[in-house]
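Engineer: missing the sequence, but the structure's below:
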């Protein structure tokens, strides 16, 4: 079998068939397509590619290596994300998989896609804003767009978010902290 060609075996009780997966650049595109479907376990409206935590995909023969960076050191979701990457790739016929986590350079909210930021707003989470070094009053409410907001807690539903309340529409909301 050539280095760039992988096979997919699906076993059923009746038959076994072999399907040839894409090779070369098409293989890298196929891997990225799978990664674009994997959602973040803490913010399920975002994919791991929306978040920008997938740093690289390398293909060496049959080995697919996916390099990821946590949103912050010690992020409890990273083990689940690595498992979800492995499972999604296996479900799509990739069998030789290596997940590598790197801490440097440190993840930054600048790596989030614009589409991801729009998904956050639609989901009711305020997007990171570099003018706030530390979350402070005045973060734009994702519901009514008012900046008449108040910080309730530096920690929201997850450690990477802060909890705010809009003083106009009275809705509480999470703010995705800048990193």
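Structural biologist: Looks like it arrived, so ask away. Every value quoted in this text rests on a predicted model; they were computed, and no experiment measured them.
Engineer: out of everything not next to it in sequence, what's closest to the residue nearest the centre of the chain?
Structural biologist: Residue closest to the average C-alpha location in the chain (Cα atoms, centre = their mean): residue 48, at 1.7 Å. In space, and not counting its chain neighbours, residue 48 is closest to residue 38: 5.0 Å by Cβ to Cβ, 6 or more residues apart in numbering. Yep, even glycine has a C-beta here, placed from its N, CA and C like the rest.
Engineer: Can you pull the phi/psi pair for that neighbour?
Structural biologist: For residue 38, the backbone dihedrals (degrees, to the nearest 10) come out as phi -90, psi 120.
Engineer: my read: the residue nearest to the centre of the chain touches residue 37, true?
Structural biologist: No - in this structure residue 48 lies outside contact range of residue 37 using Cβ atoms under 8 Å: 9.3 Å.
Engineer: Next, the closest residue to residue 161 other than its chain neighbours: secondary structure please.
Structural biologist: Once flanking residues are discounted, residue 161 sits nearest to residue 174: 4.1 Å by Cβ to Cβ, 6+ apart. Three-state call for residue 174 (DSSP: H, G, I helix; E, B strand; the rest coil): strand.
Engineer: OK, contacts around residue 174?
Structural biologist: Listed by Cβ atoms under 8 Å, 6 or more residues apart in numbering, the contact set of residue 174 reads 124, 125, 126, 156, 157, 161, 162, 163, 164.
Engineer: Can you name the residues bridging to it?
Structural biologist: Beta bridges link residue 174 to residue 125, residue 163 when assigned by DSSP bridges.
Engineer: what stretches of the chain score poorly on pLDDT?
Structural biologist: 1-25, 131-136 (pLDDT under 70).
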